[in-house]
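**Q** 3D model of this:
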Amino acid sequence: PLNEMRPSTAVFLEFKHWKPSKRKVSTRCWSMLEMDELRNGSAVLEVYKKPTEFGKRTGSYRLLSVKPLYMQLRLTVRNA
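**A** Take a look at the predicted model:
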């Protein structure tokens, strides 16, 4: 449940695609939701270049594009 997660917790989203020439699935880009963003409603997330960097601080991530490119989500959070 969300109420048992630490404040420093984040949910990482990797976006993958199929490379037919190499016959494999590859990571295209990634994004993340921090605990303060995990709530019902709309969320706007930055999209970052690969590789996915789980341990780095937020300021050192590399954006996928120089243009303002954001992923827009509608979240429904359920406590199980």
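**Q** give the rounded mean pLDDT of the strand or helix carrying residue 71.
**A** In this assignment (DSSP states H and E), residue 71 forms part of strand 70-75. In this model, strand 70-75 has a mean pLDDT of 92.
**Q** partner strands of it and their direction?
**A** Here strand 70-75 is paired, per DSSP bridges, with strand 41-46 (antiparallel).
**Q** circling back: hey, C-alpha coordinates of the strand holding residue 71 in PDB?
**A** C-alpha atoms of strand 70-75 as PDB (Å, rounded to 0.1, in the frame of the first residue of the first chain):
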ATOM      1  CA  TYR A  70       6.100  15.600 -21.700                       C
ATOM      2  CA  MET A  71       4.100  12.400 -21.100                       C
ATOM      3  CA  GLN A  72       0.600  13.100 -19.900                       C
ATOM      4  CA  LEU A  73      -1.100  10.500 -17.800                       C
ATOM      5  CA  ARG A  74      -4.400  10.100 -16.000                       C
ATOM      6  CA  LEU A  75      -3.700   8.100 -12.800                       C
END
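**Q** which residues are contacting it?
**A** Residues outside strand 70-75 that contact it (CB atoms under 8 Å, 6 or more residues apart in numbering): 31, 33, 38, 39, 40, 41, 42, 43, 44, 45, 46, 47. (C-beta placed from N, C-alpha, C; glycine too.)
**Q** for those, which single residue is the most surrounded?
**A** Tallying neighbours with other CB atoms under 10 Å puts residue 31 at the head of the contacts of strand 70-75, with 20 neighbours.
**Q** beta partners for that residue?
**A** Listed by DSSP bridges, the beta-bridge partners for residue 31 are residue 13.
**Q** just list the residues touching it, thanks.
**A** 12, 13, 15, 45, 46, 47, 48, 71.
**Q** distance of the residue nearest in space to the middle of the chain from residue 48?
**A** What sits nearest the mean C-alpha location of the chain, by CA atoms, centre = their mean, is residue 31, with 2.1 Å. Using CB to CB, to the nearest Å, residue 31 is found at 6 Å from residue 48.
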